[in-house]
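>>> pasting the structure only:
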């Protein structure tokens, strides 16, 4: 991972942008995107995967975020909050895919006989999903059933290791709301874990 | 579920909640399990496609004020909240996954003094366009509608092809294709874009049958509830390789998948007097078959989803291949060909065996050197070892 200005983990806030001059960020969008890609592609795809549980869809969402960043590079560069921009685009992209997917999934359950799940990246029969779910940790399965915001906050906090302020910025909600979602989410998850494990 | 997606920061804050010590074990376990879950996948390399897509959008964008949503997901990002203007009131940053910044800004110096006021309402392309316009000169045309031909989406497309090269046993192969759309990504435009691909010339280096060449899909409509209506410029006048029924199934599967509303019956509108295809009249609807055995008779046993045809991968990475298989005991074999010669081979198991369709994924072990490749995924007959099903996807490494 290169140690350039684009490789800082997490969200870089306005203060970061002021601290480092624009001179440090490449002018050429190809160079910038290539550097960003090497520093963040895997991490962001995994973030999207944790939110979507569909690798192809996760990669599509992150690809779209990179393409948008390339398109807007001059102004994003000026703004300085480069990684934060990508992160927000990925979370928002996952949310819209999920809404679309919810509709498609409902339909597919009705059309269980059709092998192919119609949709952007839809493959994998209902049986496959059940199998995958069985191999997954109970906590991860429970996470999937939390309200959207709670799930996003928990994944950004415990996978991406973002601070409360960074999560607030990424999701465009207040820091207080981040705390509330985190607390409600964790409380809900606690009920799904065997109480004896937690003693 | 999500009641505060667009709440501006700095609004009335909820009571801060302290994460109590009682939740620490949940936190610890969640952190551990997320880390474990995250590494269950190996992201495939997409730098080439990202740069290619960005440049394709750039060169096709004749209206410089208009940013094309790259694909369905990006289009949906239009409703995203805007952090930019709020966080950086003195700069000219666009809304996240924004809609309006121009390609021109790459060659001009944005002037911070012309920046919009600090809070940009979002929701629509038009709204954000005005707010995030930069100091460059191209600000006169409101981007209510982009020029035609600049919308793209990744859509599933089904092709008719032999189960094994040279065989006359034809089935449907699915590929994900970047298709030009006639308007912003929507079920109808995606359906039409996918049909145009399905009915167009054969994809590069494929052995598919181009049964519909010369016939164009002219419209896809969802106006009749519970039905997809597809208008064709003509019916198919001759019996194609693989038969009329399979050719019609090709369009049915494609439009249903691209529209994404499940297996809605498909009605074809063709010029008066035409059949959809020989023996298949236009006065009825068509649908996918029901039941895994019937589906098995229509779909090819092996599909490859990744890499996509003609994908450009970066040298030094390993190739991850994923797809769908319906093979005996879920056995899937593969062979990586570089300039026609075997570079590597292996086998894996799909998540389900025939007649069910399971998913498979595998990664090659040797980092890729530059060159032209074909990934061949196949099934051999348990009786005599002959190849009974295969798919070949060409790609390049640079």
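Yep, that arrived. Because the structure is predicted, anything quoted here is derived from the model rather than measured.

>>> So, low pLDDT: which residues of the chain?
Because you didn't say which chain, this covers chain A. Within chain A, the stretches with pLDDT under 70 are A:1-23, A:101-136, A:194-199.

>>> Chain B is the one I meant
Using pLDDT under 70, chain B drops low at B:1-19, B:59-150.

>>> Tell me where it has helices.
B:24-38, B:47-60, B:72-76, B:84-87, B:125-131, B:187-198, B:244-259, B:292-296 (DSSP state H).

>>> With distance to residue B:393 added, can I get those helices in TSV?
From N, CA and C alone the C-beta is placed, and that goes for glycine too. Formatted as TSV, the helices of chain B follow (distance: least, C-beta to C-beta, whole Å):
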stretch	distance to residue B:393
helix B:24-38	27
helix B:47-60	14
helix B:72-76	23
helix B:84-87	39
helix B:125-131	35
helix B:187-198	16
helix B:244-259	18
helix B:292-296	22
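
>>> could I get the ones you listed as CSV with distance to residue B:338 and mean neighbour count?
As requested, the helices of chain B are exported to CSV (distance: least, C-beta to C-beta, whole Å; neighbours: other C-beta atoms under 10 Å in any protein chain shown):
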stretch, distance to residue B:338, mean neighbour count
helix B:24-38, 32, 17
helix B:47-60, 17, 18
helix B:72-76, 33, 26
helix B:84-87, 45, 23
helix B:125-131, 45, 20
helix B:187-198, 28, 24
helix B:244-259, 32, 25
helix B:292-296, 33, 17
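
>>> Mind checking those for the one nearest to residue B:276?
With C-beta to C-beta as the measure, helix B:244-259 is the member of these nearest residue B:276 (5.7 Å).

>>> Could you give the secondary structure assignment for residue A:149?
helix (DSSP: H, G, I helix; E, B strand; the rest coil).

>>> Which one of the residues in the stretch 251-398 of chain B is closest to chain A?
At 2.9 Å from chain A, residue B:262 is the closest residue in the stretch 251-398 of chain B, using C-beta to the nearest C-beta.

>>> Export the helices of chain B as CSV, with columns for distance to chain A.
CSV is the format used below for those (distance: least, C-beta to the nearest C-beta, whole Å):
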stretch, distance to chain A
helix B:24-38, 4
helix B:47-60, 4
helix B:72-76, 3
helix B:84-87, 5
helix B:125-131, 12
helix B:187-198, 9
helix B:244-259, 4
helix B:292-296, 5
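
>>> can I assume residue A:59 sits in a helix?
Yes. Under three-state DSSP, residue A:59 sits within a helix.

>>> So it versus residue A:25, what's the distance?
The gap separating residue A:59 from residue A:25 is 25 Å, by C-beta to C-beta, to the nearest Å.

>>> Quick check: residue B:389 touching residue B:378?
Yes. Using C-beta atoms under 8 Å, residue B:389 is in contact with residue B:378, at 6.4 Å.

>>> Identify the contacts common to these two.
B:164, B:302 (C-beta atoms under 8 Å, 6 or more residues apart in numbering or on different chains).

>>> Could you check which of the two is surrounded by more residues?
residue B:389 (24 against 21; other C-beta atoms under 10 Å in any protein chain shown).

>>> which residues sit in contact with the more buried one?
Per C-beta under 8 Å, 6+ apart, neighbours of residue B:389: B:163, B:164, B:300, B:301, B:302, B:327, B:378, B:379.

>>> May I see these arranged in a markdown table, with distance to residue A:89 as well?
Listed next are the contacts of residue B:389 as a markdown table, based on distance: C-beta to C-beta, whole Å:
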| residue | distance to residue A:89 |
| --- | --- |
| B:163 | 41 |
| B:164 | 43 |
| B:300 | 35 |
| B:301 | 38 |
| B:302 | 34 |
| B:327 | 38 |
| B:378 | 38 |
| B:379 | 40 |
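
>>> By neighbours, which of those wins?
For the contacts of residue B:389, neighbours tallied by other C-beta under 10 Å; top is residue B:302, 28 neighbours.

>>> And that residue, how close does it get to residue B:380?
Residue B:302 sits at a distance of 11 Å from residue B:380 (criterion: C-beta to C-beta).

>>> Got phi/psi on residue B:339?
Torsion angles at residue B:339 (phi, psi; degrees, to the nearest 10) stand at phi 50, psi 40.

>>> With respect to residue B:279, which of the helices of chain B lies nearest?
helix B:244-259 (5.5 Å).

>>> Check the offset of the closest one from the chain's centre.
Its chain's C-alpha centre and that of helix B:244-259 lie 17 Å apart, by C-alpha atoms, centre = their mean, to the nearest Å.

>>> What is it packed up against?
Using 3 or more C-beta pairs under 8 Å, 6 or more residues apart in numbering or on different chains; DSSP states H and E, the elements in contact with helix B:244-259 are strand B:151-162, strand B:170-181, helix B:187-198, strand B:217-221, strand B:228-232, strand B:266-269, strand B:285-286.

>>> Figure out how far the fourth one is from the centre of its chain.
Relative to the centre of its chain, strand B:217-221 is centred 20 Å away, using C-alpha atoms, centre = their mean.

>>> got it, and the first one?
Relative to its chain's centre, strand B:151-162 lies at 8 Å (C-alpha atoms, centre = their mean).

>>> which other helices and strands contact it?
helix B:47-60, helix B:72-76, strand B:170-181, helix B:187-198, helix B:244-259.

>>> Find the residue closest to residue 29 in space, skipping its chain neighbours.
No chain specified, so I'll use chain A. Excluding the flanking residues, the one nearest residue A:29 by C-beta to C-beta, 6 or more residues apart in numbering or on different chains is residue A:73, at 3.7 Å.

>>> Chain B, not that one
residue A:139 (5.9 Å).

>>> Equivalent analysis for residue B:308, please.
Using C-beta to C-beta, 6+ apart, the closest residue to residue B:308 is residue B:176 (5.8 Å).

>>> Give me the neighbour count for that neighbour.
So residue B:176, with other C-beta under 10 Å, has 22 neighbours.

>>> what do you get for residue B:39?
Residue B:39: 10 neighbours (other C-beta under 10 Å).
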